[in-house]
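this is a predicted model, with the sequence first.
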Amino acid sequence: MAERPSRYVDHVMGMPISLALRGRHAADEEARAAWGEVRASLRACDRIFSTYRPDSYVSRLGRGELWLADCPPEVAEVVALGEAAERESGGAFSIRRPGPDGTPVLDPNGVVKGWAAERAARALRLLDATDFCLSAGGDLVCRTLDPDAPPWRIGVEHPCETGRLVAVVPVSTGAVATSGTAHRGQHLIDARTGLRPAGVASVTVVAASLTWADIDATAAYARGGDAARWLGTRPGRTGLVVWTDGSATPVGGGGTAAPSGR
């Protein structure tokens, strides 16, 4: 019988955080210390990057009260990732959104969640002979060291039918991210037009890095009807695009269970 993972849950950065551990340090003091480090890392990121906190570095940078050089080095790293994503998405992804008066406002949330979770998982990677699956708001980064252990099975919720799974993704080591509007409403736009993307309901991406799985899921969603084609050009990615008519298109091979295609 497969080992039952030990589970830990909290709420950080305005989202649910959960951790499953199996192996040598699944439920001991080292596990609890690593879980504490994960939460501390995410809280530190929130203090730096939250656009809801007027005193965060990103909020102050966006208001012009600071230069980028005045911020912690993590801010420059995230901004550089956002600029790279904008180039690689053909401008559909951006870390700047239109403000109330039309002036661009710095908003790196499309980078921060996956990046912060990937960064927080460093503490888990130090656990000897221990597999983990860390979920941050439904985006996950996993590691499996034991070659005989089963893969982590990640359910992908259907964006049009709450509670129904559209696919199950088996992941041993890697990351899964989904971008869509089922839970947060229509908050995603195509930065090239400033309009909501048409035709696409959600995009799930499987990749080696949660940072880029999350970025590419958002970028593909922003490209609307071109989501599946563009995602297919991304090296090392597999995924699933669900359309507003309920149909789905698998992208790449092997990573995602494929329901009926479009």
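The structure has been received and is ready for your questions.

can you pull out the helices in this structure?
29-49, 57-62, 73-88, 109-120, 122-125, 210-222, 227-231 (DSSP state H).

would you list these in a markdown table and tack on distance to Pro159, mean neighbour count and mean pLDDT?
The way it works is simple: take the backbone N, C-alpha and C, and place the C-beta from them, glycine included. Converted to a markdown table, the helices of the chain look like this (distance: least, C-beta to C-beta, whole Å; neighbours: other C-beta atoms under 10 Å; pLDDT from 0 to 100):
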| stretch | distance to Pro159 | mean neighbour count | mean pLDDT |
| --- | --- | --- | --- |
| helix 29-49 | 25 | 18 | 97 |
| helix 57-62 | 28 | 19 | 96 |
| helix 73-88 | 22 | 17 | 97 |
| helix 109-120 | 18 | 25 | 96 |
| helix 122-125 | 29 | 16 | 98 |
| helix 210-222 | 10 | 28 | 97 |
| helix 227-231 | 13 | 22 | 97 |
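
how close does Glu29 sit to Val156?
34 Å (C-beta to C-beta, to the nearest Å).

ditto for Asp148
26 Å.

so if I had to pick from these two, which one is more boxed in?
Val156 (24 against 6; other C-beta atoms under 10 Å).

the more buried one pairs with what?
Ala167 (DSSP bridges).

am I right that it is in contact with Leu240?
Yes: assessed by C-beta atoms under 8 Å, Val156 is found in contact with Leu240 at 6.5 Å.

below-threshold pLDDT in the stretch 101-250 of the chain: ranges please.
182-187 (pLDDT under 70).

how many other residues sit next to the residue nearest to Gly224 when sequence neighbours are not counted?
In space, and not counting its chain neighbours, Gly224 is closest to Pro197: 3.4 Å by C-beta to C-beta, 6 or more residues apart in numbering. For Pro197, the tally of surrounding residues (other C-beta under 10 Å) stands at 23.

same deal with the one 3 residues further on?
Burial of Val200, expressed as a neighbour count using other C-beta under 10 Å, amounts to 26.

show the contacting residues for it.
Neighbour list for Val200: Ala220, Tyr221, Gly224, Gly225, Ala227, Val241, Val242, Trp243, Thr244 [criterion: C-beta atoms under 8 Å, 6 or more residues apart in numbering].
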